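**Student:** Predicted structure and sequence below. I'll ask about it afterward.
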Amino acid sequence: MACVSQSVSFDKCFCGQGSHSSILYSILNKDYPKETSCWHYRHHHRLSSFGCSCEFRRKVFLKTPELTCRVASEVLLKTLNFIKNLPSFCQLPEEDQVLLVQNCWAPLFVLGLAQERVDFEVVEAVTPSLLRRILLNQKAMDSQNQETDHNSPTLAEVQRVKLFLLKFWSMDISTKEYAYLKGITLFNPDVSSLRIPHYILALQQEAQQTLNEFIGMMYNGDQMRFAQILLTLSALRTVSTTSITELFFRPVLGKVNMNELLLEMLCAKLN
């Protein structure tokens, strides 16, 4: 990837860098981002708020891809193993099984990150200056990296995932609660082209009811906890499958079709 990296700062953004964009000005100032008045408060263990549009433009990648991607692969394997061992899932038509896995694996994977308490750090991908590209003759490389840069996750997307993880960790979700939440996420009747969506809806409702009863038994009928967990879970609807793939799997798998890979892994485990 034709870029240099710098640690992501969650304290401030660079959206107010100013209007000095000439090549001479860039050379003299080495293209360093200028300090601005656009600041976001960040405690040591907290993420910044989504107050600045530059967070939706800044591309990021893992700070330690070898370690994080290895852990991510283990989480994905555990997720598929969980799915395979659900009798209600195995009784579904094969077409529906494939559709549910291909459409729901990303939020299930993030749930797995939460359960395994996997934390990670990202660094920002900084586009080289025009002069640098000219000197290094990177014009040809730019076209090769265009697709990768386009699909790379943004800082805002990563923050949404990390915010979800922080919220779940703060609620101290139990192993059984995670199991019910995975069932609620997997049995999504809104996935298109399902053969028996009504039955899948019934499975989702059953998982929700069982979760509600479990919380009522373990937390003295605390309906607030049930509502808070489901509200936090709803944030996974915005998780981008492409961003999850690019962040956690592309560094080790390269250009891989995740749908084909998931199907192969699922069939291998089923056999």
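**Tutor:** Yep, it's here.

**Student:** so how many other residues sit close to Val239?
**Tutor:** 17 (other CB atoms under 10 Å). All C-beta spots, glycine's among them, are computed from the backbone N, C-alpha and C.

**Student:** List the residue ranges of the protein that fall below the pLDDT cut-off.
**Tutor:** Low-confidence segments of the chain, defined by pLDDT under 70: 1-56, 127-150, 269-271.

**Student:** for it, what spans make up the strands?
**Tutor:** Along the chain, counting by DSSP state E, strands occupy 4-7, 60-62, 122-126.

**Student:** who's in contact with Phe168?
**Tutor:** Neighbour list for Phe168: 114, 232 [criterion: CB atoms under 8 Å, 6 or more residues apart in numbering].

**Student:** any idea how far it is from Glu177?
**Tutor:** Using CB to CB, to the nearest Å, we find Phe168 at a distance of 10 Å from Glu177.

**Student:** do Thr245 as well
**Tutor:** Note on Thr245: its distance to Glu177, by CB to CB, is 27 Å.

**Student:** How about Thr154?
**Tutor:** As judged by CB to CB, Thr154 and Glu177 stand 30 Å apart.

**Student:** And Ile215, by the same measure?
**Tutor:** 7 Å.

**Student:** Show me whatever sits in contact with both of these two.
**Tutor:** Common neighbours of Ile215 and Glu177 (CB under 8 Å, 6+ apart) are Ile229.

**Student:** if we can go back for a sec, higher neighbour count, Thr154 and Glu177?
**Tutor:** Taking other CB under 10 Å, Thr154 and Glu177 do not tie; Glu177 has more neighbours (20 against 17).

**Student:** residues in contact with that one?
**Tutor:** Contacts of Glu177 (CB under 8 Å, 6+ apart): 211, 214-215, 229.

**Student:** you'd agree Cys90 is up against Lys84?
**Tutor:** Yes - counting by CB atoms under 8 Å, Lys84 is a contact partner of Cys90 at 7.3 Å.
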